[in-house]
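S.K.: Prediction below, plus the sequence it came from.
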Amino acid sequence: MAMERYNPKQAETRWQRIWEEARIFETDNDSPDPKYYVLEMFPYPSGRIHMGHVRNYAMGDVVARYKRARGFNVLHPMGWDAFGMPAENAAIQNKVHPRDWTYANIDAMRRQLKSMGLSLDWSREFATCDVEYYTQQQALFLDFLAAGLIYRRNSKVNWDPVDMTVLANEQVIDGRGWRSGALVEQRELTQWFFRISDFAEDLLVSLDELDQWPEKVRLMQKNWIGKSEGLTLRWEITDPAEAGGATDIEVYTTRPDTLYGASFLAIAADHPLARDLAAKDPAIASFCDQCRRAGTSLAALETAEKIGFRTALEVVHPLDPAWTIPVFIANFVLMDYGTGAIFGCPSGDQRDLDFARKYNLPVTPVVMPADADAASFVITDTAYVGDGVMINSRDLDGLSPDQAFAQVASRLETRTLGNAPQAARKTNYRLRDWGLSRQRYWGAPIPVIHCEDCGVVPVPVADLPVKLPDDVTLDRPGNPLDHHPTWKHVTCPNCGKDARRETDTMDTFVDSSWYFARFTAPRHATPTDPAVASAWLPVDQYIGGIEHAILHLLYSRFFTRAMRLTGHVDLKEPFRGLFTQGMVVHETYRSGKDSKGEWIAPAEVEITEIDGVRTARHARTGEPLVIGSIEKMSKSKKNVVDPDDIIDSYGADTARFFMLSDSPPDRDVIWTEAGVEGAHRFVQRIWRLLGEASANLEGVRAGTGTGGVALAVSRSAHKTVKAVGEDIEKLAFNKAVARLYELVNTLAAPLSEVAAGKAEPELRSACKQAADMVVQLIAPMMPHLAEECWKMLGNTGMVATTRWPDYDPGLVTDDQVTLPVQINGKKRGDLTIDRNADQAAVEAAVLALDFVRAATAGKPPRKLIIVPQRIVNVVI
RNA sequence: GCCCCUUUGGCGGAAUUGGUAGACGCGCCGCACUCAAAAUGCGGUUCCGAAAGGAGUUCCGGUUCGAGUCCGGAAGGGGGCACCA
């Protein structure tokens, strides 16, 4: 019987409509079934989905459909991370309103996502720029403000001169704005901050409990939080008059053990003492200015020399009143870490050593490797930073650095200088508070009012939302809300006097820090329905790109803690399982020979392969092209493949299946035309094999084979059910795919027999069962094809609402096992024996094997290792 | 500079976590169908060798009856942080 080729276009739209009409993916918050929350990082509505989205959402959908089939009440929502700069840029370039641009993009992308056949609960959809969403975000802001989790302070900020906005530290990459790429400048502004640093310790220790997160992400967060344990230590100034009355300088150190190696103190150019000195001394003032200027770009820092200015000040060594040490102002000391002052121990720190060599300061080794010789150990041009034993440190000599640390710390803690302890143990974190103010239009307005008399007045909850005005001019630099004619002029809610609205909006990372909670009750009148949110959360499986390993994930963890303190949820960690998927990459092509030519899109390239050498030509002009490296799909390199084109020519199932095959999901996947075609061949193969057999399977009851081919068919089917389930649980989609190929290959011959009408009833019955299983197993990955085949096989209902098949444990283990037999660790043959054969039986059988007898020459082996059901090793 | 990960056929990758290396896919080769091609089906495909056999998981060394897997060192590739005291 000739089968027609499977027509995905027609079938896919039909099933998408059927699913939608049956509303089977809309989730009931009151279901008695156990919950499972699977979430993919929601997209920014840039206008079109890309292959990275396809990969991300295909993975999430496999999990969602699988868990649903396993009897879970699955929450699988979708929304839009819709505030942000690109909308404003588009508005300036194309003269469209950011709102119109954003919502038009959302409509286009929603249509694209729907064409993928994702099992999403679209009834919960929202965009973060919806008034309803940011109203609730403003309510959260007010609660956080009342709880002391937000504060305002004057601070030096990273200013992006192109986007005309402030950037968080995390948004500055190599000294440039993460979006504009412009060199970031330093400015003083009054900004709002989240007190994320108050949570540093909790955010750090809780990482240990996130055992379903990639180790790599946990490590990156750990490094980002950057805990260090040390000592703050005050050094007495010998001549307070010279220091403008200051009596001591406080430094922060993690190495008090190296105190006897100290040869200078250095303070930041912005240190109060440096400012005092600068006010009196023009040379110091100009040096400090130089430091600040150089400090504006990190790029400059990389090459910047360590420079210092030796002041007239000297300080007394804490452990020896007769010992004084010079004080420098240095460009490498940061005012906002520790105390803005350090002591330098050149022998134990490379940077201090370079500085000491430059300014001819003493270099005394104080730690040496345990096996070195104290008399001859010297530091030349490399500092010794390792562990070992103390030397040249008087009473500390012979101790380990750890012991020396403890001794110095406890000695100086109990000593007083002035009327306070000279030193205190202190833990420091690199993590800074999160500045959330942005001087932009397209973001959630910060709901406060500035009154001359009352100060900062929160907008009363009853007055929310603070809505963005529609009529704005965006083609002027600066903050559009600030130069709106009327919007900011309000009366003070407290005293009724004229007052001014806060014109800053919130960082878009705020929007994405709690959307997962909002999905649990997306239309609720408060930010969350606490009972519902606490029941659904944490997200059981969160899937997205590694690029959010620090920013978004750390902010969300902070937000969940803050929402807990303000009663919106009852948990600390928002994401129990995290999976970071790899990128979709593609070969690049260029015209011309010298790799300076234009980039050419894959759709225009024709590849030919002769004797393993691939050459590329332009499909239209025939011009030879250079095949370049494989890189992340990007518009600039034109190596993008449009999901729409692929879905149009191969169907969504093929696109989804290919994205799940071949590469492990956490690694990059190379998009190749050949790979897609392979996936599509499999779609057609399943359709043809099942279709041709289906006529002879009509009315056949599914059953398990008991012997011969029928038993073999049932064995492979049941084994595959077990394996695919386990692989999906582990998100090892590539392995699940391989299992499916294997099963279909095994079923090809028996199904052909059925199609030819030559199969016995038992084989037909086993084939019907196996065919049903194949369909159920492919359903999470290729849901449309699965529905189509399910119907063709005469089944009722939808696969999408069918329970996952059970396997018979008796069928997944074979009665006989084939053990490899090694002689001295080299495989020399096999032994097929009863699975449950005991040690003695295996031993006897092994020794009876011809090649074993030949090798042992009648003598008993020196050793016989039998690993049950695994392997045998005969040692002679 | 510091920290982390990674290295398996022509290619993407499997290998029950110390037990038959190369599952599955791509590519390639052969055969069938066809006047022919495409499509499809069947078979082969780590390397050397006609075969018997031997070698083989980046390299060097170690532990073990047995190492892709564990330990020590080197090299290549990728990523994160980066004046953090």
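M.R.: Structure received.

S.K.: lowest-confidence helix or strand of chain A?
M.R.: When the helices and strands of chain A are scored by mean pLDDT, DSSP states H and E, helix A:298-303 comes last with a mean of 47.

S.K.: for the helix or strand following it, packing partners?
M.R.: Counting by DSSP states H and E, the element after helix A:298-303 in chain order, helix or strand, is strand A:308-317. Judged by 3 or more CB pairs under 8 Å, 6 or more residues apart in numbering; DSSP states H and E, strand A:308-317 is in contact with strand A:227-237, strand A:264-267, helix A:272-280, helix A:282-294, strand A:320-330. Using the backbone N, CA and C atoms, a C-beta is placed for each residue, glycine as well.

S.K.: ranking those by burial, who's on top?
M.R.: Stretch with highest mean neighbour count among these: strand A:264-267 (a mean of 24; mean count of other CB atoms under 10 Å).

S.K.: Packing partners of that strand?
M.R.: Using 3+ CB pairs under 8 Å, 6+ apart, strand A:264-267 sits against strand A:248-253, strand A:308-317, strand A:320-330, strand A:341-344, helix A:350-358.

S.K.: Out of the ones you listed, which gets nearest to residue A:854?
M.R.: Nearest to residue A:854 among these is helix A:350-358 (65.2 Å), distances taken as CB to CB.

S.K.: For the closest one, what is the distance to the chain centroid?
M.R.: Relative to its chain's centre, helix A:350-358 lies at 38 Å (CA atoms, centre = their mean, to the nearest Å).

S.K.: got a list of contacts for it?
M.R.: Residues from elsewhere that reach helix A:350-358, judged by CB atoms under 8 Å, 6 or more residues apart in numbering: A:263-264, A:266, A:306, A:308, A:330, A:332, A:344-347, A:361-363, A:379, A:381-383, A:385.

S.K.: and the stretch 451-600 of chain A, which residues reach RNA strand B?
M.R.: Taking CB under 7 Å from any atom of the strand as the measure of proximity, the stretch 451-600 of chain A contacts RNA strand B at A:546, A:550.

S.K.: Tally up the residues packed near the closest residue to RNA strand B within the stretch 451-600 of chain A, please.
M.R.: As assessed by CB to the nearest atom of the strand, RNA strand B sits closest to residue A:550 within the stretch 451-600 of chain A, at 5.8 Å. Using other CB atoms under 10 Å, residue A:550 has 16 other residues around it.

S.K.: so what's it closest to, chain neighbours aside?
M.R.: Nearest-residue entry for residue A:550: residue A:224, 5.1 Å, with adjacent residues in sequence omitted and distances by CB to CB, 6 or more residues apart in numbering.

S.K.: would you list the helices and strands packed on strand A:264-267 in TSV and tack on mean pLDDT and distance to residue A:437?
M.R.: TSV is the format used below for the helices and strands packed on strand A:264-267 (pLDDT from 0 to 100; distance: least, CB to CB, whole Å):
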stretch	mean pLDDT	distance to residue A:437
strand A:248-253	94	28
strand A:308-317	94	35
strand A:320-330	95	31
strand A:341-344	94	29
helix A:350-358	88	34
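
S.K.: and the ones you listed, which is most packed in?
M.R.: Of the helices and strands packed on strand A:264-267, the one with the most neighbours on average (mean count of other CB under 10 Å) is strand A:341-344, at a mean of 26.

S.K.: Ok, which of the helices and strands packed on strand A:264-267 comes nearest residue A:540?
M.R.: Across the helices and strands packed on strand A:264-267, the minimum distance to residue A:540, taken as CB to CB, is reached by strand A:248-253, at 41.7 Å.

S.K.: Give me the sheet partners of the closest one and which way each runs.
M.R.: Next to strand A:248-253 in the sheet, as set by DSSP bridges, lie strand A:227-237 (antiparallel).

S.K.: any idea which element the closest residue to RNA strand B within the stretch 651-800 of chain A lies in?
M.R.: The nearest approach of the stretch 651-800 of chain A to RNA strand B comes at residue A:678, 2.9 Å away (CB to the nearest atom of the strand). For residue A:678, the host element (DSSP H and E) is helix A:673-697.

S.K.: which residues touch that helix?
M.R.: Defining contact as CB under 8 Å, 6+ apart, one finds that helix A:673-697 is touched by A:1, A:3, A:5-6, A:8, A:602, A:646, A:650-651, A:653-655, A:657-658, A:661-662, A:741, A:744, A:747-748, A:751-752, A:754-755, A:757, A:759, A:764, A:767-768, A:771, A:774-775, A:778, A:782, A:785, A:788-789, A:792-794.

S.K.: in it, what counts as buried?
M.R.: Within helix A:673-697, the residues scored as buried using 16 or more other CB atoms under 10 Å are A:675-676, A:678-680, A:682-684, A:686-694, A:696-697.
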